[in-house]
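Trainee: Below: sequence and its predicted model.
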Amino acid sequence: MTGNPYIDALITAAEAIIFIIITSFGLATLARLVARVFGASLRKQQNTYAGYLFAAPWIVGFLIFVVIPLAFSLYWSFTDYRVTANEAPSWVGLTNYSRLILNDDGFRASVVNTLYLTVLGLPLQIGIALLLAVLLNQKTRGERIFRMAFYLPVILGFNTAVLLCWRLMFNTGTGIINQLIRALSNAFPPFNYLVRGVIFLQELSSAFFLGISNQSFALFQKVWENGFPAANRVPLWVQSPLWTKMSVVMLMIWICGSMMLIFLAGLNNIPNELHEAAEVDGANGWQRFWRISFPLLTPHIFYNLVVGLIASLQIFEPIYVLYRDSQPLVSSAISMVYYLWQASFSHFEIGYGSAISWVVLVIILIVTVIQFRMQDRWVTYDIY
C-alpha cells in the first residue's frame, strides 16, 4: 500500500474488479467444459457459458462470504478457539455444545428473553400491521401520505441514530412518551386507570419471565404484593429490568410497516364481488372482514409469521444500542444473538460463539419447519 488512503482505496477497488472479472470468466469456462463433457450441443454450451458468466459474481460472493464462513464456523464450534490467546484452535469435540445446553445459565436466560419477545412482540406486531393495512385500505384523502408515513420506519431501520433517538424518547422523566402519558392521564382519568392496569400486567408478566431466567420468583412476588400501581406511575422503559423487553417490543411494533405492506397487497387482491354479495346478504363490516377478508389473508399472515419469527429470534440492534452501556439491565433484555455477540466479540471465545450460532440456526430451522408443517390446518389458498 502507498500510505495514501485515497489511492489505497482505489487500488483495493481495482483489485476487487479484476478478481470479479477473472473469477467470472473462469467459472463460466468451467461450466462450459462440464457441459461439453456431458455431451451438450454447441448452442447449449454457449448458453451455459453466458449464463454462468453473468451469475458468477453472485456465486463467487456466495461462496466467499457465506459457504466458506459457514464451514469455518462449523469447524470452530468443535474447538476451543480464543483469538486473544494467539494459539491455533484446539479440538474439544462436543464440549462447547454440552456446556451451552447443560451448564450455561446465561444462554438459557437469553432463550427465555427471546421467547418473551417472540410470544408477546410478534403477535402485537402482526396485529397492528393488519389493523393499519385495513385502515389504509379505505379510499380516503391523503392515504398515500399515511402509507408513506407508516412505511418510513422500515426505511430508517434499526440504525444507531434512530435507536438513540428512541432511547431519549424512552427516558422516564424527560422522554416524550411518558410526557404524553402523563398529559393524557391528567386530562382523562379513565386513561390513567388503563395505563396503571397495563403497567401492572406488564410488570407481572416480565417478572414471571425474569423468574424463569433467574430461577427465583422473588421479584414476581414483590410486584404482586405491591398491587395496583399508584396514580402517578409511568413505564420505566430503559430504567427498570421489568421494562427492558417491553421497550424492544415497542420498537418491533414501530417497524411493522413491511408487514403492513404485505397485508395491504393481500386486501387489494380480494375480489370486491365477495364483499358486495355479503353486504347484500346483510353482513356488517366486521362480519365481512372476519368471514371473507381474514380467511383470504391467511397466506399473507403465514408469510409475515415466518419472516417475523425469524427476525424476532435474531433481534440484536435495539438491545445493543439501548442497553450495552447499562450493564445491570443487559441480563434482563439479552437475546440469543446478543449473547452470541458477547461470547464472540466481547469475550473473544470464537469457538463457543460459533457453537451458539449453530444452536440458534437449528432453533430457527426447527421452528420454521413446524410452521410449514402446520400451515395446511389454517392457511387458505383456494381463492388463488
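Mentor: Alright, I've got the coordinates.
Trainee: mind showing which ranges of this protein have poor pLDDT?
Mentor: 1-2, 383-384 (pLDDT under 70).
Trainee: Show me it divided up by domain.
Mentor: 5-76, 102-172+236-377 (automatic domain parsing).
Trainee: now, of these, which is deepest in the fold?
Mentor: domain 102-172+236-377 (a mean of 17; mean count of other Cβ atoms under 10 Å). The C-beta positions use only the backbone N, C-alpha and C, and glycine is treated the same way.
Trainee: distance between that one and the chain's centre?
Mentor: Relative to its parent chain, domain 102-172+236-377 has a centroid offset of 6 Å by Cα atoms, centre = their mean, to the nearest Å.
Trainee: List the residues that contact the residue most central in space within the chain.
Mentor: Residue closest to the average C-alpha location in the chain (Cα atoms, centre = their mean): Ala311, at 2.2 Å. Neighbour list for Ala311: empty [criterion: Cβ atoms under 8 Å, 6 or more residues apart in numbering].
Trainee: 10 Å - rerun?
Mentor: 118, 122, 125, 252, 255, 258 (Cβ atoms under 10 Å, 6 or more residues apart in numbering).
Trainee: before we move on, which element is it in?
Mentor: Per DSSP states H and E, Ala311 falls inside helix 294-313.
Trainee: What would the helix or strand following that helix look like as CSV? C-alpha coordinates only.
Mentor: Downstream of helix 294-313, the next assigned helix or strand under DSSP H and E is helix 317-323. The C-alpha trace of helix 317-323 is given here as CSV (Å, rounded to 0.1, in the frame of the first residue of the first chain):
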residue,chain,number,x,y,z
GLU,A,317,-29.6,-4.0,17.3
PRO,A,318,-32.2,-2.5,19.8
ILE,A,319,-30.7,-4.4,22.7
TYR,A,320,-27.2,-3.5,21.7
VAL,A,321,-27.8,0.3,21.4
LEU,A,322,-30.3,0.7,24.3
TYR,A,323,-28.6,-1.4,27.0
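Trainee: and the contacts of Ala311 as a markdown table, adding distance to Ser331?
Mentor: Below are these laid out as a markdown table (distance: Cβ to Cβ, whole Å):
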| residue | distance to Ser331 |
| --- | --- |
| Thr118 | 18 |
| Leu122 | 22 |
| Gln125 | 24 |
| Met252 | 20 |
| Ile255 | 25 |
| Ser258 | 30 |
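Trainee: Now, those residues that are in strands?
Mentor: Among these, none falls in strands (DSSP state E).
Trainee: hmm, which two among these are most spread apart?
Mentor: The distance between the two most remote of these (Cβ to Cβ) is 17.3 Å, for Thr118 and Ser258.
Trainee: For burial, what's the neighbour tally of Thr84?
Mentor: Neighbour count of Thr84, defined by other Cβ atoms under 10 Å: 9.
Trainee: Now for it: which residues touch it?
Mentor: 347-350.
Trainee: just to revisit the earlier point, mind checking the domains of the chain for the one nearest to Leu94?
Mentor: Per Cβ to Cβ, nearest to Leu94 of those: domain 102-172+236-377, 9.1 Å.
Trainee: Now do that closest one: distance from first to last residue.
Mentor: End-to-end distance of domain 102-172+236-377 (Cα to Cα, to the nearest Å): 35 Å.
Trainee: and if you look at stretch 264-275?
Mentor: End-to-end for stretch 264-275, by Cα to Cα: 16 Å.
Trainee: who touches that stretch?
Mentor: With Cβ under 10 Å, 6+ apart as the criterion, stretch 264-275 contacts 129-130, 132-137, 147, 150-151, 277, 283, 285, 288-289, 291-293, 295-301, 303-304, 383-384.
Trainee: How about the secondary structure of the spatially closest residue to Val321 that is not a sequence neighbour?
Mentor: Counting by Cβ to Cβ, 6 or more residues apart in numbering, Leu163 is the residue found nearest to Val321 once chain neighbours are left out, at 3.9 Å. Under the three-state scheme (DSSP: H, G, I helix; E, B strand; the rest coil), Leu163 adopts helix.
Trainee: Hmm, Leu163 is touching Met250, no?
Mentor: No: the criterion here is Cβ atoms under 10 Å, and Leu163 misses it with Met250 at 11.7 Å.
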